[in-house]
Structure formats: C-alpha cells, structure tokens
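[1] Need coordinates for the following:
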Amino acid sequence: MKFTNLLGCLTLFPSTLPVFAASAATTIPVEVGGEYQINITNSNDGLNDKDRGSQTKTTSLNLKGAKFILKSKLSDSIDLTLLYKAKEGELERYYVTNKFTKEFELTIGKQKIKTYGLHRKITSGTTTPVVGSYLDQNPLKDKLAIDIGYKLAGTFSLQIVEDFSSCKDSDSYAPDPVTNVVSKKTTTSCQSWNTGNSTGIVANSKETQTTQKQPALAFEWLGSFGDFSPLLQVAVYDYGKSNTGSVGIRYKSKTVDAYLDYTADTRNYKGVDPTDPAKFIKQKNSISGAAAYVESKVGNYTPFLHLSSLETKPYEKPGSVDKDIITAKSNSQGKLDKNEATVALGTHYDGWGGFYRPFIDVTVASGKYVDSKDPTKQKTLSKNDLVVGLIGKF
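    Predicted coordinates:
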C-alpha cells in the first residue's frame, strides 16, 4: 500500500471501494481513511483560581477527536473530498477539486481556509498532542470558499471566502396585552461590520446592512525550495474592516521536521462613537500568536518540543482606567484573559506503525487572569499536565 496525502495534514492509507454508478460497468474509486487521538491527562487544574479553593488535581480520559475522510475520483481531473468529525457528529469539510492542468486547479466547497500560519496548516487536535491556544482566535477556520491554486516556486492560492460575522441571538418573552398570550421575541446584536444590525447600535446611513454584502479574501504562498518551505498568508475579512497575516518557514528532512511561524490579527468590531451616538466607530482588537516546533526521529522514537504564545489587546474605551481595562480583558475561570505561553516536551513511539502511535508529554501553560479577590488586578496562573495518549491514522 502507498500513502495518500489528503487535506495536507491528513496522511491516510488508501482503501479503494467499488461504487457503482448508473452503468453497471462504471465504477468510481473511493479512498477511505481516518485519524483519532485519545489520551489520559493528569492535571493540577492550575488555571482555576487557587484563592477560591477550586484548584484540584484531576485525572481524566479524553477523546480529543476522531475523523473519517472519504475521497472519490469522479473523473481524471475532478476529485470529491468529505471530512466527517465523529466526536462532534458533523460534516466538517466537503469540496470538489478540478485539476485543469499540472499547475492550475480550482476547489469549491466548505474547506480549510488558509489563515493562521503553518501551525494550523499542518496540525490539528487529532494529529498532534499540543495545539497552540492562539488558533482558537482564528475568525475564518472552515468556510465555504472558492480556491484558485497555481503551482510556481511552490503553490500560490487565492480563496474567495464566506465572510466572518460575530452575532448573538437573545430571546425575550412577553404577554400580549389583549390576548395575554406569551410570545417570544428574538433580538440579534452584531459586533461585526459584515453582518450589521441596528439593535444596540445606532445605525446611520452608511452602515445599515443586515445581510452579507461581500466575501472575504485569503491569499497564500507556500514555497518549495528543497527541504525548506517558506509561508506567507494575508487575509482581509469582516466587510474589509479587519485583516490577518502570517509568516513562517518549515524545514523537513527524512529525520527532522521543524517550523516557526508568527500570526498577527487586527479585528475592528463595529461600535458606537462615544462622542456622537449617531455614528459608528472601529473598536480595534489586536491578536498575535507564535509557534515553534521541532521533532527528530531517533530509532523507533520521535522526541518533540512545542513552544507557543498568545497575546491579546482588546479595545479600550476613551478615558478607561486600569479597572475598566482589566474588566474588558476578563473571562470565566479557566479561560484565558490576556496572554498565554505554552511549553511541551515529549516523545512518540513509532515502532507499531501509523495506526498505533503512543506518546507521552509534559505541558506547562501560563497566562494572566483577573484576581478573584480584587477584580481591579490581574495575576499569573499556570497549569501543569502530564499526558499519555495514542494517535492513529488508517
């Protein structure tokens, strides 16, 4: 059997199944595979506030994820790909790729959007023991898109993407004054510019849109120069008001795989101008993250080192004092407030093949959180995890 690379980070053993079309003499080859991660984690629960007495050591069995992938060759130039997330019970990706020439191809459907750097491009929760927390900030992730790809000194890609929006629905119930029948009213409030809504924001003549008006754009160049692969990504989203960019480089040989990348994201939410409540202003939120990873195969073992960081800078209202700024950065217990740094050291065992790939690692994560005793202050908390797990692909 040969290995087949699907979706970049999915390397699967192909299994061809005969699927009969309208003509009994016609078959469509189908490749089926999957991946999973299951682990046992012993944690000191350190991101919960010690002063409240909620920090307790825990040992838990976790299914990080399980996915199944199907790839069918509909013709000599057209492929269909489906990716199903078994744990979440959802079809994560579905797209058709038309390879017009060796250099030029077109992909249409829900697919992985090329943002947030090498770390997102080549890893997932099922393919690596540790994922940098800054990936959770990605505004586009998997979206409906048209991807135009051209191979030249690597691969150039331009994606036309279903845009980002940040909206929440809230329900209220009130009786009719005449019939006394209680009815539900749903109110939608949006921070994003792309899907605007006047509720909670005073609309003016320039910003009254209530439906998506234009797609986002994502550009990527992944170079190919021997063992080195540089990466550049740029995306403009949220009605053109926000943008993100990533740069990185990967070195991959027979025994070593290492990469370094950096991502910066400027997100401008729509808010009310404090000096004129009839106007909108941009509420700037900045996000940046970095990741460094290296693994080296030594016999049946593959030791690895993971380093990642996240820095967030939320919008600060004019005239804000320290208490207001900290409140804007606050979150619930166990969730990141301002920044985080993660260090993980471990090893895989490769003596049993790709289907059973055990690993062990120690992960230390730290970040700044609101002090539970004094909400005008912050404190640094850290969490230590010992993880033993199993990653597999078939």
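[2] Phi and psi next, for Thr126.
    phi -100, psi -10 (degrees, to the nearest 10).
[3] any idea what sits nearest it, other than its immediate chain neighbours?
    Using CB to CB, 6 or more residues apart in numbering and skipping the chain neighbours, the partner closest in space to Thr126 is Gly65 (4.1 Å). Heads up, the C-betas are built off the backbone N, CA and C, glycines and all.
[4] From Ile38, how far out is the one you found?
    Gly65 sits 9 Å away from Ile38, taking CB to CB, to the nearest Å as the criterion.
[5] any idea of the pLDDT on the residue nearest to Thr126?
    For Gly65, the pLDDT comes out at 87.
[6] now the one 10 residues further on
    Looking at Ser75, its pLDDT stands at 90.
[7] mind checking which helix or strand it is in?
    Following DSSP states H and E, there is no helix or strand that holds Ser75.
[8] residue ranges with poor pLDDT in the protein?
    For the chain, the stretches with pLDDT under 70 are 1-26, 47-55, 187-188, 195-213, 319-338, 371-376.
[9] does Thr126 really touch Asn62, like I thought?
    No - assessed by CB atoms under 8 Å, Thr126 is found out of contact with Asn62, at 11.8 Å.
[10] how deep is Pro358 tucked in, by neighbour count?
    16 (other CB atoms under 10 Å).
[11] Would you confirm that it contacts Asp350?
    No - using CB under 8 Å, Pro358 is not in contact with Asp350, being 9.1 Å away.
[12] coming back round to it: buried residues in the host helix or strand of the residue nearest to Thr126, which are they?
    Gly65 is part of strand 58-73, with elements assigned from DSSP H and E. Neighbour counts using 16 or more other CB atoms under 10 Å place Lys64, Gly65, Ala66, Lys67, Phe68, Ile69, Leu70, Lys71, Ser72 of strand 58-73 among the buried residues.
[13] Note down every partner strand of that strand and its orientation.
    Applying DSSP bridges, strand 58-73 is found paired with strand 27-43 (antiparallel), strand 78-85 (antiparallel).
[14] In TSV: those strands, plus distance to Thr244 and mean neighbour count.
    Formatted as TSV, these follow (distance: least, CB to CB, whole Å; neighbours: other CB atoms under 10 Å):
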stretch	distance to Thr244	mean neighbour count
strand 27-43	27	17
strand 78-85	23	18
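[15] any chance of those strands in CSV, plus distance to Leu260?
    Below are the strands paired with strand 58-73 laid out as CSV (distance: least, CB to CB, whole Å):
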stretch, distance to Leu260
strand 27-43, 24
strand 78-85, 27
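[16] Would you tell me which of these gets closest to Tyr259?
    For the strands paired with strand 58-73, proximity to Tyr259 was assessed by CB to CB; strand 27-43 is nearest, at 19.8 Å.
[17] For the one helix or strand Asp265 maps to, which strands pair with it and how are they oriented?
    Element membership for Asp265 (DSSP H and E) is strand 256-273. Strand pairing for strand 256-273, using DSSP bridges, gives strand 242-252 (antiparallel), strand 276-296 (antiparallel).
[18] neighbours around Lys102, how many?
    7.
[19] how many neighbours does Lys114 have?
    Lys114: 27 surrounding residues under other CB under 10 Å.
[20] OK, contacts around it?
    Lys121, Ser157, Gln159, Ala218, Phe219, Glu220, Gln233, Ala235 (CB atoms under 8 Å, 6 or more residues apart in numbering).
[21] hmm, 10 Å instead?
    8, 120-121, 140, 145, 147, 149, 157-159, 161, 218-222, 231, 233-235, 246 (CB atoms under 10 Å, 6 or more residues apart in numbering).
[22] Doesn't it lie inside a strand?
    No - going by DSSP: H, G, I helix; E, B strand; the rest coil, the assignment for Lys114 is coil, not a strand.
[23] Spatially, and excluding backbone neighbours, which residue is closest to it.
    Glu220 (4.0 Å).
[24] what about the one you found, which SS state?
    Put simply, Glu220 is strand when judged by three-state DSSP.
[25] likewise Leu135?
    With three-state DSSP as the criterion, Leu135 reads helix.
[26] Thr263 versus that one, what's the distance?
    Counting by CB to CB - Leu135 and Thr263 are separated by 9 Å.
[27] what do you get for Ala278?
    Distance, Ala278 to Thr263, by CB to CB: 36 Å.
[28] before we move on, back to that, looking at the strands paired with strand 256-273, which is nearest to Ser183?
    Short answer: strand 276-296, nearest of these by CB to CB, at 29.9 Å.
[29] chain center to that closest one: distance?
    Its chain's C-alpha centre and that of strand 276-296 lie 14 Å apart, by CA atoms, centre = their mean, to the nearest Å.
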